[in-house]
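Trainee: Below is the sequence, then the predicted model.
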Amino acid sequence: MQLSRAEFEARYTAGTLRIALIGMSNIGKSYTAMRLATHYDMSLIEVDKLIWEDLGQSSMDDFAAWQGHPYSKGYNEREAQSIALETKATTKALRTQSHNPLLDTTGSVIYTSQAVLDRLKTQYYTIHIRASENAVNRLKIQYFKQPKPLIWAGYYKDIDGKTPSESILDCYPKLLAARAKAYSAIADHTLESSFILNPDIGIADIYEALKPAS
């Protein structure tokens, strides 16, 4: 949903501003959403939390352990189930009536149903937190160090002579590049991950950067 700067500010004042953050898992969406909701008059909606609660789990770690890695037995079936759960949870989140809703989407929101994506594009001011060049290595390390459920969508391949973990590290950049294109296709505005994670950048600066240029 394209907005002018004046429309952004007027909607925020009226409590009707709808913002959705999209981007790769571990890119900084949840951290940024939490900071914005803490400092500004916004209602945070965490889609990942809706999913793992629906599964009867108590944490993101439990959700990640349930889904497993793309080389795990039964992963393809769990991946399909996870996409269905994400579509259901995102649909629920989009229907939530709240004051200035701030949607912290899953990294794989781009794989949800077309109806969800259409609603996201038409009803929410969507901001892509784009992985800066120096973020790729960090994201690969965090995939194992701080696991989150990840939809591979066919981008994982076993590589001859390499372990499954080594194959993941080689395949990850291709997944990241494909997702970057998909995120950009539905985004109204883009912020670099190096900007939002810069410790010298205050939340007021980030809030101003969210706004349309004119």
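Mentor: Everything's here; your move.

Trainee: Can you give me the neighbour number for T38?
Mentor: 10 (other CB atoms under 10 Å). Heads up, the C-betas are built off the backbone N, CA and C, glycines and all.

Trainee: what's the strand or helix carrying it packed up against?
Mentor: For T38, the host element (DSSP states H and E) is helix 29-39. Under the contact definition 3 or more CB pairs under 8 Å, 6 or more residues apart in numbering; DSSP states H and E, helix 29-39 sits against strand 19-22, strand 43-46, strand 101-104, helix 203-210.

Trainee: What residues of the last one count as buried?
Mentor: Within helix 203-210, the residues scored as buried using 16 or more other CB atoms under 10 Å are 206, 210.

Trainee: re earlier: can you add mean pLDDT and distance to R130 and give the helices and strands packed on helix 29-39 back as CSV?
Mentor: Output for these, formatted as CSV (pLDDT from 0 to 100; distance: least, CB to CB, whole Å):
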stretch, mean pLDDT, distance to R130
strand 19-22, 98, 10
strand 43-46, 96, 21
strand 101-104, 97, 16
helix 203-210, 97, 13
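
Trainee: Next, the angle helix 203-210 makes with the lengthiest strand in the chain.
Mentor: Secondary structure of the chain per DSSP state E: the longest strand is strand 125-130. Here strand 125-130 runs at an angle of 110 degrees relative to helix 203-210 (axes from the mean of the first three to the mean of the last three CA atoms, to 10 degrees).

Trainee: so what does strand 125-130 touch, helix or strand wise?
Mentor: For strand 125-130, the packing partners by 3+ CB pairs under 8 Å, 6+ apart come out as strand 19-22, helix 164-186, strand 189-192, helix 193-196.
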